[in-house]
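S.K.: for reference, the sequence and a predicted model appear below.
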Amino acid sequence: MDAMEKDDAAKERAYQLLQERREMLAKAIADKPHRIEAGKRALDRLLTLAETRQSGQIKRIALFIGACWHGPRHFDFFDFRSLDLEIQEDMFAVLLAHATGHVDIDYMLPDAHVRIVHMLDRWGMYGPDQTGQPIVTRHCE
């Protein structure tokens, strides 16, 4: 294969990659409503676990929600390995909804903001000493 053939093959491969990317973007746009709804349901399940149970896995859920919400909280991605598969899938669904829909998690559910604040407070992850933010609640429609 000479240099010209290599150049043509590289151009063809670049064109194929561009076409694949366009198809992926079109599919992502078509899946957007589904991803947002799946993320809402997943967030509700995760919040319910963090509000009602107590274990190492549940603390990781609280850290994850806090990291997705706002404020300087740390969720170690290595911790995914220590979570049940259903919890992992819910976390990924929340991330996909957040990324795809450009929806902050405290607006995914009508009462999400209040639930997140109370859940983080329950786990000692909310307040000026943890986030530098004053403890306030706001009304979310």
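M.R.: Nice, thanks for sending it over. Predicted, not measured: the structure shown is a model, and the values here were computed from it.

S.K.: from His118, how far out is the spatially most central residue of the chain?
M.R.: Closest to where the C-alpha atoms of the chain average out (Cα atoms, centre = their mean) is Leu95, at 1.8 Å. Between Leu95 and His118 the computed distance is 22 Å (Cβ to Cβ, to the nearest Å). For every residue, glycine as well, the C-beta is placed using N, CA and C.

S.K.: try Leu49
M.R.: Distance from Leu49 to His118, by Cβ to Cβ: 14 Å.

S.K.: higher neighbour count, those two?
M.R.: Leu49 (20 against 16; other Cβ atoms under 10 Å).

S.K.: starting at the chain centroid, how far to the helix or strand containing the more buried one?
M.R.: For Leu49, the element it lies in under DSSP states H and E is helix 3-52. Relative to the centre of its chain, helix 3-52 is centred 14 Å away, using Cα atoms, centre = their mean, to the nearest Å.

S.K.: show me what it is packed up against.
M.R.: helix 56-69, helix 85-101, helix 112-122 (3 or more Cβ pairs under 8 Å, 6 or more residues apart in numbering; DSSP states H and E).
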